[in-house]
Each structure stands twice: as C-alpha cells, then as structure tokens.
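**Student:** Whatever this is, show me its structure:
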Amino acid sequence: MGEIDEAELVGACRSGLVVDGAVGGGKRAVQAALLRRCCLEFRDQVDPRGLRLANAVVAGCLDLAGAAVAFPLSFEGCEFDCAPVLEDAQLPGLSLTGCPHLPGLLGNGLRLSRDLDLSRSRVVGAHWTSVSMSKPAAIWLCESEVGGRLLCAGTVIEGQGCRSIQADRIHVGGSVRLINGFSSVGEVRLHGARIDGSLDLNGAQIVSLDGPAIDLENAVIQSSVFLIEDSSGRAPHIRGRIAMASARISARLVIRKAVIEAAGNVQKGSIYERPTSAGTVLDAPRLWAGAEVMLTDSEVTGRIDMSMSDMSSLSIVGNCVLRAPGRTALDLTNAGIRAMLRLDQSAVVEGTLRLAGAVIHGALALHGQITQPEDLSLISGSALTVDGDVYLGGLRASGGDVNFRGARLGSLSASRAQLHNPGGYSLRLSQALVKGPVRLIDGFTSAGLVVLNRATIEGRLHFTGGTFGCPAPSPVNEHGHAIEAISATVHGSMDLGWANVSPGVDFTDVTTTFLADDPATWPERFIIAGLTYDRFDRPQGAPPGPVWDQAARCAWLRRQSAFDSGSYEQAAKVFRQHGYAREAEQILIAQRRHARRVDRASAPWPRRALDTLYAAIGYGYRPGRVLYLLAALLVLVIATLELPASQATLRASNGNGAVYTTSGLLTSALPTAPDHARSGLPQTDTCGNGEVRCFSPVLYAIDTVIPLISLDQRSTWYPDPHVADGELILWLLNLATLLGWLLSSIFALSLARLSRGP
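**Tutor:** Residues are numbered from 1 along each chain as shown. Modelled structure (predicted):
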C-alpha cells in the first residue's frame, strides 16, 4: 500500500495542503520520525496553515516533548501506534479529530495558542506519568495551557478501568466542550482547572467505577457549567460521583434532563481523595456560584452535598427527582444563598433536605414532595436564617417532620400543605423567630404535632381553614396534642378559625394581642393556663355573630382539661377592660362555681355549707342578695316576735327591780296596785309610764338582726329561760344575731372587694 514519503509530506506542507493517506479503502502509513523532522528540521518550509494529515497511520511514537512548533498540527481520521508525546511542547493548535484508534495523549505542560480538538476520536489507553503516581490515565494534560477551546464533541475515551482525562491545573482560555455523544469510561479529572469560558457536558455519558466520574475540585470556571441534553435530545448520564468541592463558577450551574447515579460497585479510589459520605453523587461543599444553580427534569440517585456553599439561587424544578431514601438527599448545611431556594410542585425528594445553619437572603419556597428521611426530619432547618418569606404551599411531606427549630424567618405560609407524621412532630417552630405572620391555612393538614414552643411571631398566627390531628400519643407527644405552643409570643394575633382540630391543644403561657376564635370549635381537650390576650374577635371568614358572649366564654373555660383560675381571671379582665363589667363578674362567678365543683368532693361539710351560702350571693359579686337574706331573716324574726307565745317569754326590768312583761308589770317593790290606786298615784301603762322602753317587734327584730344598729330593744327585753319556750326563744334570737352578723360581714366584705376592683 506504500507509505507517505518525505517529498510528498514536505511538498504538501509547503503548499498548505492536506496529506490524505487513504488508498483503495485502506490507509497509508507515515513514520512518526518523519513527522518530527518536518516539525523541527523543515519548520521554516511549512505553510502557516500547518501540517495537515488525514486518513493515515502514524507508525512509531510521535514524540514532540519540549518542542516549539511554529505551526498547528491537524490529524483527521488518523490512527496511531502509540500515544503522541507532547509534554512541555508549544504549538499554535492541535487537532486529533475522527481518529478511530488513538492510544492516548501525553500532554502535560503542553502550551497551545488556540484550540485542542479531540472531537469524534476514540481514545483507548492507560498511561503513567511522573505528574501523578496514584492512577494512570488515557489523556494527560496536567499544567497545560490551551489558549482556545478544549473540544471533545462525540469523543469516546476508554481509560481501561482508570482515568480517561487527567488535566489537573489546566488553563483553558475558551470553553471545555464534552458534548454531542461524548462518552467516557473512567474519570474526567479537571482538579484545580482554570476555564475562562464555560464547561459544557451536553449529552455526556461518563461512567467511573473507581473514584469520581468528574473531578472539578478547586476548579475556577469563569462562565457556566451545563450538564444538559445535546442537540439531538440525548440526556447526559453520569454514573459515579461529581466532585466540585471548593469550585468557583462565575455564572450558572445547570443540570437538565440528566441522570446522575452512584456506581453500582464502588471501589476504593485514590488514597489522596477527600473523604466523602457514602452514596454521594454530587460532592460540592464550599461551591461558589455567581448565578443560579438549577436542577430541572433530572434524576439524581444519591446524596447532593452543597454544604457551606455560596450561590445566587438554587432551583429544583420540573419533574426533578432526588432519590436517597433513608439518607440525606440534599445537604445545604451552613450554605449561603443570595436569592431564592425553590423546590417545584412537581419535584420529588426521597430523603432528608438539610438546611441547618443555612442563610437565605431571599425566599425559601418548598412545594414538592418529600418522603423517606434519614432520621426524624424531612426538612432539617435548625438555626436556618431566611430573610425573605418561607412558602410551603402544596408541600407534601410524609414520614418525618419539617424542622425549623431556632430558625429566623421572614414569614411562613403553608396553605394546602400536607404534613403526615402521626408518631411524631409534623412541623417544628420551637424557639424560632418569625418576623412576619405564620399561616397554616386553607387546606393545611397536619397528622402529628405542630410545635411552636417558645417561638416568637411578630406577625399574626393563622390557623384559618387548617386541619390538625394526632391519632394517638407517642413518646415525643405523650399527651397526644395536635398543637403545642408553650410560652409562645405572638405580637400580632391568633386566628383560631381552624376547620378541625383533635384531640387537644396546649397553649400554656402563650402571649398575644387578640384572640380570634369561636369557643365552640375548640377541641375536646385544651390547656390555656397562662394564656394572655387583650381582646376577642371573630376568625377570618367566620359568619357574623356575637364576640363578647359571656355565656359561650364561660362554657369554653369550663371545658379546660384541668381547672385553672387564671384563665377565668384573664377572660374577666378583658371583658372588663372593654366595658363589659357585669359579664366580667359572671365569668368570675363561673370561676368560683368551677372551683367549688373541683374541691367539693374532698372538702369537709362545714366548708361545703359555707360554699353553698357563698354561692347564694354570687361568691361576693352579688352583695345585693345578702340584703334579701337579711330582709328574709328580719321578717322571720318579726313574725316570730309577733306570736303571743314568743312575747310571753320576754321580760324587762327597771332600775328599781320591777319586772315587766310585754303586757305590763309582773312584780314590783312598790305597793300593790290597789294600794297604789288608793294612794292617789296615776295609773301605769304596760311600759310602767316610761319605766322601761316599750316593746316593738319590728324594732326588736332590727336590733337583733342588724348588728350596726342599736335601738336598745335587745338590751331592754330578754327571753326568760325559766318560763315555757323561753330557752327556745333565747336560742332563736341568738342564732338570728349570729346570722345577721355573718350576712352583714359578707355584705361589707363584698362591697369592699368590689370597690377595690378596676
């Protein structure tokens, strides 16, 4: 078939023509030594278009190590016996395109002014160099410089179980394009690379069973990174880890319609590799991206680690699936996001989304489906900071909690969200600070415990239209509450217009401004000890109705899980402050009545009797009822004293020892009546003409019953215990006096208490 000789080669180079080695369906050979002589000895005779060889077989080893070649080299469809050696060489450009058999390329330290083009070539090899002693590679470009682009369109590289490309610290002045059917079996390593253009992986197929599939650690990319479908619609497929730790991307990182998965049989990589978590497929801690990071319509199987990263925004949109069941699907621990973090409605996450310590200066919008967490949390956002709003509208979370414990949020809105974790927490906002409102509204559904303990909400807390339930108590929710907000502070208000809540809520020591609720819609069990508020209102969207309904409030307070007098005091205070003094008293009366029912079983009978008497006068809030009792007692005493039998027991004495009855003189030290009459003295009346004060049943009763008044009736007339019924009347009058003192004291104390009230 013959060879390409020196005359043909040099003649074509002088004319700038392509030397075509195709003959009769075969390929002619050209000696590698002749190519070297042409590059070095005949370089002054070569046209500026360079040495262009097509469809030839390069026999021997083309060794241009350290050579300075003044013209570009182009090999189209050529085959090589061994890998070209271009270490530390200087060339304007190098093209190895369409080569069906290229054993490799040794180009460490290579300097190119323009492009390095390996498009459509098939590279198979594994070579060792002194640059790295850990693994061989098919193509070596460490510390090389490419002034233009690095092109691998349709290139197939087989690293024979090792690396396909090792280009540590390469500097590319243009873009690196591994596109349009690029396929690699082995790692593509661009560790510490500097790429002044973009990195395009459109439709790339990369498989690595030993170490990362793509290594971009510490790389600096001045434009964007695209891992997207190619012009024919073929999706990229990466099998193995993408390492991007500490990489800097000045523009966007876009992963679209890609399939990224961990290798099926991961072996131990280089001893110098940074330790990573098992199952990590995108290892990008400390990644810096100047613009957005977007995952759309892609399927990622394994962990995405972007902890401590800094990016403009992160969007997981379209029909994107992050699959890491029972592990961490996306790790953004201590990351900084300058704009928005978004999980689209159609996105699915199997695993935990970690946001602990992250700082998001824009909004956090999580609308997709999250299931199968690594531990107890589907969204682990402890100490998260979101300067903007948090949107959980339509979020579907199952099998764990949404944890924002200790977070600082602009606001939180979770309309139509469905949080299902019956055995534990569904939403945790313990110790969180929310600058705006919290809205768990309009179809929000929680199966589990919503926790707001010691949270501070500077806006309103809305439960309007939400459904809250806890099927049964659990170790983390011993009382089986649906909502727990112990010691929470709500500066706006609490709108409790929930659609349904069961079986109970705990609002112990909650502080808010006004309480918008319907007392009839509270759950079967609730705790409101220490709940403080300034006024009542109707929930949003509720039908018109009375707000200051004292009877409804009393019924509400009676239904507390455990009696708490402070809850009654708080309600009465609010009613009184808004001008409903009588209703406030009714609430306080209901408080005493409730306390009486609680203590009645264990109290002794004297106390129960006093409580019954106290209840009759409205527990001191109805002192007018005492007057009725006093009047009744007074009438009873008057009626008793009007009886002749009662009057017959009464006696009175003057200073001379004469004893009178209500009918007149009984005994006297003076002469008898006839003698007295015969002596010419005037006739005496029943009172002895003023010897004693005349008896009056009415005045006597007043003097007996009312202790503050003295009419000298009781001191003048006294029952004689030595006559019939005298002892009985004496006891009755003494009892009436005691009852009068008791009722009068209660009346006085009640007035004093009411006068001290606001």
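
**Student:** buried ones in stretch 486-499?
**Tutor:** 486-490, 492-499 (16 or more other Cβ atoms under 10 Å). In this view, the C-beta of every residue, glycine as well, is placed from N, C-alpha and C.

**Student:** So which of the residues you listed are in strands?
**Tutor:** T489, V490, G492, S493, M494, D495 (DSSP state E).

**Student:** Quickly list what the last one is bridged to.
**Tutor:** Read that as D495. H462, A516 (DSSP bridges).

**Student:** Quick check: the gap between it and L452.
**Tutor:** 14 Å (Cβ to Cβ, to the nearest Å).

**Student:** What of the first one?
**Tutor:** Counting by Cβ to Cβ, the gap from T489 to L452 is 10 Å.

**Student:** Show me which pair in the buried residues of stretch 486-499 is furthest apart.
**Tutor:** S487 and A499 (26.3 Å; Cβ to Cβ).

**Student:** what would the ones in strands among the buried residues of stretch 486-499 look like in CSV with pLDDT and distance to L665?
**Tutor:** Below are those laid out as CSV (pLDDT from 0 to 100; distance: Cβ to Cβ, whole Å):
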residue, pLDDT, distance to L665
T489, 97, 83
V490, 97, 83
G492, 91, 86
S493, 93, 82
M494, 96, 81
D495, 96, 84
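
**Student:** show me where the chain has helices.
**Tutor:** Using DSSP state H, the helices of the chain run over 6-15, 32-40, 550-558, 565-577, 581-599, 605-616, 624-642, 644-647, 673-678, 697-705, 726-756.

**Student:** Compare the mean pLDDT across the ones you listed and name the weakest.
**Tutor:** Averaged per stretch, pLDDT over the helices of the chain is lowest on helix 673-678, reaching a mean of 44.

**Student:** tally of neighbours for D703?
**Tutor:** Neighbour count of D703, defined by other Cβ atoms under 10 Å: 22.

**Student:** scratch that, A562
**Tutor:** A562 - counted by other Cβ under 10 Å - has 8 other residues nearby.

**Student:** can you pull the contacts of the closest residue in space to it that isn't next to it in sequence?
**Tutor:** Computed as Cβ to Cβ, 6 or more residues apart in numbering, the closest residue to A562 that is not its neighbour in sequence is I527, at 7.0 Å. For I527, the contacting residues are G504, V505, D506, F507, T508, Q560, S561, A562, D564, by Cβ atoms under 8 Å, 6 or more residues apart in numbering.

**Student:** run the last query once more with 7 Å
**Tutor:** D506, F507, T508, Q560, S561, A562 (Cβ atoms under 7 Å, 6 or more residues apart in numbering).

**Student:** So which of those belong to strands?
**Tutor:** Reading strands off those with DSSP E, I get D506.

**Student:** who wins for most neighbours among the contacts of I527?
**Tutor:** When neighbours are counted by other Cβ under 10 Å, F507 leads the contacts of I527 with 25 neighbours.

**Student:** you'd agree it is up against A482?
**Tutor:** No: in this structure F507 lies outside contact range of A482 using Cβ atoms under 7 Å: 11.7 Å.

**Student:** Report the beta-bridge partner residues of L94.
**Tutor:** Going by DSSP bridges, L94 forms beta bridges with L73, L116.

**Student:** Relative to N500, how far out is it?
**Tutor:** 72 Å.

**Student:** Could you check which of these two is surrounded by more residues?
**Tutor:** With neighbours defined as other Cβ under 10 Å, L94 and N500 compare such that L94 has more, 25 against 13.

**Student:** Could you tell me how far that one is located from H101?
**Tutor:** 18 Å.

**Student:** cool, S224 as well?
**Tutor:** S224 is 34 Å from H101, by Cβ to Cβ.

**Student:** Under the pLDDT cut-off, which ranges of the stretch 1-150 of the chain? List them.
**Tutor:** 1 (pLDDT under 70).

**Student:** One more pass at 90, please.
**Tutor:** By pLDDT under 90, the low-scoring segments of the stretch 1-150 of the chain are 1-4, 6, 16, 23-26, 42-45, 130-135.
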